[in-house]
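>>> sequence and predicted structure are below.
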Amino acid sequence: RDLEWSFLGWMIYHDNMLHGPVFIQEPNNVIFPLESEEKKVKLNCEVKGNPKPTIRWKLNGTNVDIGMDYRYTVVGGSLLINNPNKTQDIGTYQCIATNSFGTIVSREAKLQFAYLENFKTRTRSTVSVRQGQGMVLLCGPPPHSGELTYAWIFNEYPSFVQQDNRRFVSQETGNLYIAKVETSDVGNYTCVVTNTVTNNKVLGPPTPLILKNDGVMGEYEPKIEVQFPETLPSAKGATVKLECFALGNPVPTITWKRPDGKQLPRKARRYKSSGVLEIPNFQQEDAGQYECVAENVRGKNVARGQLTFYAPPNWIQKISDAHLAIEESISWECKANGRPKPSYSWLKDGEPLMPQDRIQIEHGVLTITNVNLSDAGMYQCVAENRHGVIFTSAELSVIAVGPDFSKTLLKRLTLVKVGGEVIIECKPKASPRPTYIWKKGKEILRENERINILDDGSLRIVNVTKADGGSYSCIATNHFGTASSTGSLVVKDATRFVVPPYSMDVTVGESIVLPCQVSHDHSLDIMFTWSFNGHLIDFEKDGDHFERVGGQDSAGDLMIRSIQLKHAGKYVCMVQTTVDKLSATADLIVRGPPGPPEAVTVDEITDTTAQLSWRPGADNHSPVTMYVIQARTPFSVGWQAVNTVPDIIDGKTFTATVVGLNPWVEYEFRAVAANLIGIGEPSRPSEKRRTEEALPEITPANVSGGGGSKSELVITWETVPEELQNGGGFGYVVAFRPFGTISWMQTVVASSDASRYVFRNESLPPFSPYEVKVGVYNNKGEGSFSPVTVVYSAEEEPTRAPTGVFAKSLSASDIEVYWTSPRGNQSKGRIQGYEVRCWRHEEKEENARKIRTIGNGTSTKITNLKGSALYHLAIKAYNTAGMGPSSATVNVTTKKPPPSQPPGNIIWNSSDSKIILNWDQVKALDNESEVKGYKVLYRWNRQSSTSVIETNKTSVELSLPFDEDYIIEIKPFSDGGDGSSSEQIRIPKISNAYARGSGTSTSNACTLSAISTIMISLTARSSL
């Protein structure tokens, strides 16, 4: 086969792509309208080939002589017929193409002529029928060729007979059928025939229809006048139309079915009142019997017919070009399907091929043995049945040439290792196959147990030694010549392992090096690769753990860093040079914490215990030393370790009892294994199981109470968490009794979420002590009570109002309020404090500001008020039961606001050990309180506490700051409070006993020079 394909390439690429003829387009059947204005027929045929093929045509098996008839011309291979003649040109045409490689013939194409002549007769006899009788009007189309369609004119054009269940025009015969004649049918009928190819129409002579006078036709059973053939061959993919129509009185109905019980095809359509059944895209499964049933009240009639399926041949396997060396053999097979089954024949160069000595034909198989040059040519397989003929073509090239090494020289240099095996290929192009001789140097090689020449001419040497190195020549000879080619064989030392990788036993997290060191011929390139469990290691992708180390061309060691359990397995070091390759294997065992235990199961569960079992997981090459059980509930934060029996579960124990569980709680369990290396991953959780119910053990905490409304005893407690309720149907038992009595009153609160109980009784004395305890219960019974505590019943609100209410203004923003406690009110509700309500005259009382006091105090200060404003005040006493009555309302007016202008023009002077400060007097505005004096606020720079000096003058003396700077502010004060402050000024510590300075208007404190005097006036702030 190599020889075959070599010569295929030689022929295609080095002979200008020479090949035999191949059809691009073959002729098709043509129906030519005789009355066509074009007066020209074209039968298409297009062929490619190199050399360019010549084209000739056959008509009915006889060559068309282009030179003898001017009407015939060949244009680009196609046949052009001018002024076609119906008599001379009708028939079957074939296109024949020939070049130096051979001849092929096209499929057959029929040329037919379509025409439609006129009706011969001018008149037709009158048809006379009774009313109610059935009737047929014959069309009798004139001579024609080509498919026809039929219609009937009633009286005058364009009034056509409308087809319905009573009237039917057959497209097979052209006849008009009227199932039951009525008076409206009287008139003239004209048959209209149309040729679908030429579109010509001709009208037949009119046929008059009249009614007889001898009465009306009575009822009679259907008589089928239009029916399909008993056997109707139908082509694959065709649209099949079956006609059926019956005469009768009453008018019959038409139905269709299949007598074999099969359903009509779903694609089948009925039209013309079911007179036509149409089956599109006819297939094998549509074949069979069909039945038309015509029926009326007088009876029914049936017409049957058989649809048979046929299909022209269609290729399923074609033949293709073959290029053989001389003396080779070929077997071509072609296959086609069709109905009936096609027969096969073969053509060579357009002529029938018959079996001979070397040529065998059986069905669609052509076999030629020991081919020679005379067998070259164009071959065609022909498949044929009575519905069609198809052709498939191929070219057989037979090649004969002497040996040629020009494109397949021996390999110039072949490398092999000592002890290895080598094959030196010798594949010249030659036909027929040559014989081969090999030489080493100038000596002819003799075959022995190490050296032999293969069937394809290649030289094979096994167990190579250094002495085998040298120059080798292959000499090929056939009938057409001799050729040779030479190459060299170089023998290299074999590669071998010096330090192969060896198996190791390591622990998770360690790092190791697997050695892979070899000795090899250093003139050869060497490559190391590693695989892990059958997959090549990608050192870029897996660089976090794997790294190739060594640094020498004879070492390809593998470092594995931070080993994980997943790194356990088989490692293979593969070494490859130009002449050999070898590999060595090592197993890596990785010891690590155990894998998760499996199948944790709850075998038995009680109210406080659970019996568990599990299966051990992987020990990862280090025996399990112990197991720990963990549990999770809807109330826990994650997984929690639990107590077990045994307390410590060794690595060979796979059951344990969990103890100390809460009753009536849903639990999940899991197991965790540990070994000497560490703690492993936990198992999957067990199924959820609920512990059994038990008596409640936990009593409510923080039992307390008090407050509430009159005649109430309010008792409160903290609810018992769901996980501590020990069962369903959980609730509380509340018990109470007056302090110092013996008998308990009890009530049940049937809600696990309850945290409060209120006992109401009109005879309940206010603020009386009661002993209280709260117990619990569930479906299993009652638990214990909480410790007894004392709770007071609700008290009454105060019944009297405070008296002697008095208020005075302290400043523009503050007032002080005084009152007297109600007298004689102690037995009618204790007083826990007072609520003072304060509102401006312009405001509504319900928006009053409320200030609450606690205890027995009878005065309070109210701040952050507006200056020069009238305020109303009222006071109520309160306790846990509520508010008492309000006192009488009193009024108070706040003082005028303090001066808004800060002191200005601040100047300081130092003298001896003092500093003297001076400033301008502040004058109050009309709506401001008069200035009563000034406050000087000063502090050392590093101290936070501030000292204050009050004066009614506009100057003050301070001791000299020797150690630190002073920070000073000055502000006026009045009955309305303190006025606006000056900006901070800084007086530096003094080294010179005589210095002067002034204030600054900047917002930041500013250091003043000890020897300079700066006069800056401070702008007074505007009053808002």
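Sure, I can see it. Keep in mind it's a predicted model, so treat the numbers as computed, not measured.

>>> show me what contacts V462?
E421, R450 (CB atoms under 8 Å, 6 or more residues apart in numbering). Backbone N, C-alpha and C define where each C-beta goes, glycine included.

>>> what about the residue nearest to the spatial centre of the chain, is that helix, strand or coil?
When CA atoms, centre = their mean is applied to the chain, the residue found nearest the centroid is K541 (26.5 Å). Under DSSP: H, G, I helix; E, B strand; the rest coil, K541 falls in the coil class.

>>> can you give me the pLDDT of it?
The score at K541 is 88. That number is its pLDDT.

>>> any idea how far V774 is from it?
Taking CB to CB, to the nearest Å as the measure, K541 falls 68 Å from V774.

>>> tell me how many other residues crowd S273.
Neighbour count of S273, defined by other CB atoms under 10 Å: 17.

>>> not counting sequence-adjacent ones, nearest residue to it?
Distances taken as CB to CB, 6 or more residues apart in numbering put N165 closest to S273, at 3.9 Å, once the chain neighbours are dropped.

>>> helix or strand: which one has that neighbour?
Under DSSP states H and E, no helix or strand contains N165.

>>> check contacts around it.
Going by CB under 8 Å, 6+ apart, N165 touches A179, V251, T253, I254, S273, G275.

>>> what of Q133?
Taking CB under 8 Å, 6+ apart, we find Q133 in contact with K180, V181, M217, N249.

>>> okay, the first one: pLDDT?
Right, the one you point to is K180. 94.

>>> the last one now?
With respect to pLDDT, N249 scores 94.

>>> could you report the neighbour count for it?
By the criterion of other CB under 10 Å, N249 has 23 neighbours.

>>> hmm, V297 and it touching each other?
No. Checked against CB atoms under 8 Å, the pair N249 and V297 is beyond contact range at 9.5 Å.

>>> what touches both of these two?
Common contacts of N249 and V297 (CB under 8 Å, 6+ apart): E219.

>>> state the distance from the nearest residue to F528 once chain neighbours are set aside to P623.
Of all residues not flanking F528 in the chain, G556 sits nearest, at 2.6 Å (CB to CB, 6+ apart). Using CB to CB, we find G556 at a distance of 36 Å from P623.

>>> who has more neighbours, the two?
Set G556 next to P623 and count neighbours by other CB under 10 Å: G556 wins out with 23 against 12.

>>> please look at that one and C516 and confirm they touch.
Yes. Counting by CB under 8 Å, G556 touches C516, with 4.6 Å between them.

>>> output the below-cut-off pLDDT ranges for the protein.
1-16, 551-552, 824-828, 942, 944, 960, 962, 990-1024 (pLDDT under 70).

>>> for it, what's the longest strand?
Longest strand of the chain, by residue count under DSSP state E: strand 299-317.

>>> direction included, what does that strand pair against?
When pairs are called by DSSP bridges, strand 299-317 turns out to pair with strand 231-235 (parallel), strand 288-296 (antiparallel), strand 335-339 (antiparallel).

>>> between those strands, which one is nearest to I24?
I24 lies closest to strand 335-339 among the strands paired with strand 299-317, at 21.5 Å (CB to CB).

>>> so after that closest one, what's the next helix or strand?
Counting by DSSP H and E, what follows strand 335-339 is strand 343-348.

>>> next secondary structure element downstream of that next one?
strand 351-352.

>>> who does that next one touch, helix- and strand-wise?
Under the contact criterion of 3 or more CB pairs under 8 Å, 6 or more residues apart in numbering; DSSP states H and E, strand 351-352 touches no helix or strand at all.

>>> name the residues that touch that strand?
By CB under 8 Å, 6+ apart, strand 351-352 touches T103, S345, W346.

>>> partner strands of that strand, with direction?
Taking DSSP bridges as the criterion, strand 351-352 pairs within the sheet with strand 343-348 (antiparallel).

>>> what's next to the strand it pairs with, contact-wise?
Identification of contacts with strand 343-348 by CB under 8 Å, 6+ apart yields 102, 104-105, 334, 336, 352-353, 361, 363-364, 366, 377-385.

>>> how close does the nearest residue to A881 once chain neighbours are set aside get to A807?
Nearest in space to A881, with sequence neighbours left out and distances taken as CB to CB, 6+ apart, is E797 at 4.2 Å. Using CB to CB, E797 is found at 25 Å from A807.

>>> same question, E443
142 Å.

>>> so which of those two has more stuff around it?
Between E443 and A807, counted using other CB under 10 Å, A807 has the larger neighbour count: 20 against 9.

>>> quick one: contacts for the more buried one?
A807 is in contact with I815, E816, V817, Y818, Y871, L873, V890, N891, V892, counting by CB under 8 Å, 6+ apart.

>>> who does it bridge with?
Assessed by DSSP bridges, A807 has beta-bridge partners V817.

>>> next one: A584
Bridge pairing for A584 - DSSP bridges - gives C573.

>>> count the neighbours of it for me.
By other CB under 10 Å, 18 other residues sit near A584.

>>> wait, isn't it in contact with V499?
No. In this structure A584 lies outside contact range of V499 using CB under 8 Å: 9.5 Å.

>>> give me the common contacts of the two.
With CB under 8 Å, 6+ apart, A584 and V499 have common neighbours C516.

>>> what about G638, distance to I629?
For G638 relative to I629 (CB to CB), the value is 15 Å.

>>> quick one: which of these two has more around it?
I629 (21 against 6).

>>> my read is A467 is in a strand, agree?
No. Applying three-state DSSP, one finds A467 to be helix, outside a strand.

>>> separation between I537 and V642?
45 Å.

>>> for this structure, list the residue farthest from the centre, please.
Most distant from the centre of the chain: D912, at 93.1 Å, with distances by CA atoms, centre = their mean.

>>> picking up where we left off before, check contacts around the residue nearest to F528.
Residues near G556 by CB under 8 Å, 6+ apart: C516, Q517, F528, W530, R548, G550, C573, V575.

>>> the last one and G651, how far apart?
For V575, the distance to G651 equals 43 Å [CB to CB].
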